[in-house]
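Enquirer: Test case, fold it:
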Amino acid sequence: MAGPLSHIKILDLSRVLAGPWASQILADLGADVIKVERPGAGDDTRAWGPPFLKDADGKETREAGYYLAANRGKRSITLNLDTELGQAIVRDLAKQSDVVIENFKVGTLERYGLGYETLRALNPRLVYCSITGFGQTGPKRSHPAYDFLIQAMGGMMSITGEADGQPGGGPQKVGIPIIDLITGVYASVAIAAALAGREVSGQGDYIDLAMLDVQVGLLSNQAMNYLLAGRIPKRTGNAHPNIQPQKVFSCADGNIVLVVGNDGQFEKLCGVLGRPDLATDERFSTNPARVRNQSLLLPQIDAIFASKPRGYWTEQLARAGVPCGPINTIPEVFADPQVQERAMLRELQHPSAGKVPQVISPFRFANASLEFERPPPLLGQHTREVLNELGLDDTRMQKLRAEGVI
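Expert: Alright, predicted model coming up:
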């Protein structure tokens, strides 16, 4: 069976990461995604390298790894939105689309005659998703934003990193652009919800999604810790603020992560460590007690882990049902038998490189097949195809190209 969104057409006016990540998710689910890019330059991320994909002769292409990570499954067309003809083509495409995704500065597309109200008048069933740093309202609505900035402003960096006074202490960002990515996930969920709602109401909807809102929402348990206790959460490195023992432990030949989530798992841990007395000690027998007394508990566990290699501990703990594992490098992730069994890494045919690696969608459906046949497109690769579908012939397209429209 085709993907669950194979009946949906997406007009993607976004660039960089949050919007393209959302449209890639929708493309993986079967949607026909038309990616609109600037003539000559395209999405900013095409140039965000090195590394760049190499062609069959070993020469660098114009596709940076950053771009390749977020644009699988789409058709690329080039349009100059500063021109009236380019704007008119977008309006024609919107008439035939189910969804528009955009991440322009607030007010930009309204000036182009491409805002929600204009396009809704042409297509009342249209779902229109605007992704910005700060949303369509509020004193910062017109400010530019990037993931790093939002991680700082939204509190993420205040709780990420080693504690002040510790080696390497100080605020840290997450090692991937996590807010861009999760904003893309939220956008795809909101779009799917609006499409489902449209089946009932017959009307489209407008989605105002702000990266800062997403970051604030992601504070989750740390926000609630503050709201309930009134204490400002601090950086604790790899130690969990609410669950113990849960951190990185140093073994004789390397590190492992231990994640004890309940009292039963702690009892099993103590058995493996040869310290069953710790599980019955009232200072450590319950999770609240362990959190309050972790300064007494953790040094004892540290000393035991340091006495044997990590292979011994991971084997013994896995056998006992205690969650633990190594800290893998990226190559080790793709070498993991579990990751290989799930076929998360695949190669797609590419028009200039022959093949391009892709980390594919984690979605698995029993009654729908997700097909990964369309690689990240070359700039403007599908302009002729898409404009033909609008009824423009080659002569008309040659004129548009000469006028700098496509």
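Enquirer: got the buried residues for stretch 173-189?
Expert: Going by neighbour count (16 or more other Cβ atoms under 10 Å), the buried part of stretch 173-189 is 173, 177-184, 186-188. Backbone N, C-alpha and C define where each C-beta goes, glycine included.
Enquirer: Identify the spatial nearest neighbour of residue 345, chain neighbours not counted.
Expert: residue 334 (5.3 Å; Cβ to Cβ, 6 or more residues apart in numbering).
Enquirer: SS state for that neighbour?
Expert: Of the three states, residue 334 takes helix under DSSP: H, G, I helix; E, B strand; the rest coil.
Enquirer: returning to what we had before: next step: the buried residues of stretch 173-189 restricted to helices.
Expert: 178-184, 186-188 (DSSP state H).
Enquirer: what's the closest of the residues you listed to residue 277?
Expert: Nearest to residue 277, judged by Cβ to Cβ, of these is residue 178 at 40.6 Å.
Enquirer: dump the residue contacts of the closest one.
Expert: Residue 178 is in contact with 147, 151, 156, counting by Cβ atoms under 8 Å, 6 or more residues apart in numbering.
Enquirer: For the first one, give me its contacts.
Expert: Taking Cβ under 8 Å, 6+ apart as the definition of contact, the neighbours of residue 147 are 17, 173, 177-180, 211.
Enquirer: quick one: which of those is nearest residue 98?
Expert: Scanning the contacts of residue 147 for proximity to residue 98, where the rule is Cβ to Cβ, the winner is residue 17, at 22.5 Å.
Enquirer: if I pick the residue nearest to that closest one when sequence neighbours are not counted, what's in contact with it?
Expert: For residue 17, ignoring the flanking residues on the chain, the nearest one in space by Cβ to Cβ, 6+ apart is residue 180 at 4.0 Å. Residues near residue 180 by Cβ under 8 Å, 6+ apart: 16-18, 21, 147, 211.
Enquirer: Dump those residues into JSON lines; add secondary structure and distance to residue 322 as well.
Expert: Output for the contacts of residue 180, formatted as JSON lines (DSSP: H, G, I helix; E, B strand; the rest coil; distance: Cβ to Cβ, whole Å):
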{"residue": "16", "secondary structure": "coil", "distance to residue 322": "41"}
{"residue": "17", "secondary structure": "coil", "distance to residue 322": "37"}
{"residue": "18", "secondary structure": "helix", "distance to residue 322": "37"}
{"residue": "21", "secondary structure": "helix", "distance to residue 322": "35"}
{"residue": "147", "secondary structure": "helix", "distance to residue 322": "35"}
{"residue": "211", "secondary structure": "helix", "distance to residue 322": "37"}
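Enquirer: Which one of the residues you listed sits in the busiest neighbourhood?
Expert: residue 18 (29 neighbours; other Cβ atoms under 10 Å).
Enquirer: Tell me which residue of this protein is furthest from the middle?
Expert: residue 277 (43.7 Å; Cα atoms, centre = their mean).
Enquirer: Return the set of buried residues in whichever strand or helix holds it.
Expert: Taking DSSP states H and E as the definition, one finds residue 277 inside helix 276-280. By neighbour count on 16+ other Cβ under 10 Å, the buried set for helix 276-280 is 278-279.
Enquirer: Rounded mean pLDDT for that helix, please.
Expert: The pLDDT scores in helix 276-280 average 96.
Enquirer: Could you look up the next helix or strand downstream of that helix?
Expert: Per DSSP H and E, helix 276-280 leads on to helix 287-292 as the next helix or strand towards the C-terminus.
Enquirer: Now the residue positioned nearest the centre of the chain: closest residue in space, sequence neighbours ignored.
Expert: Geometric centre of the chain, nearest residue: residue 181, 2.3 Å, by Cα atoms, centre = their mean. The shortest distance from residue 181 to any non-neighbouring residue, by Cβ to Cβ, 6+ apart, is to residue 21 (5.6 Å).
Enquirer: How about the contacts made by the one you found?
Expert: Taking Cβ under 8 Å, 6+ apart, one finds 70, 180-181, 183-185 in contact with residue 21.
Enquirer: Would you agree the residue nearest to the centre of the chain is in contact with residue 17?
Expert: Yes: using Cβ atoms under 8 Å, residue 181 makes contact with residue 17 at a distance of 7.0 Å.
Enquirer: Now do the same contact list for the nearest residue to residue 258 once chain neighbours are set aside.
Expert: Of all residues not flanking residue 258 in the chain, residue 324 sits nearest, at 4.9 Å (Cβ to Cβ, 6+ apart). Counting by Cβ under 8 Å, 6+ apart, residue 324 touches 256-259, 313-314, 317-318.
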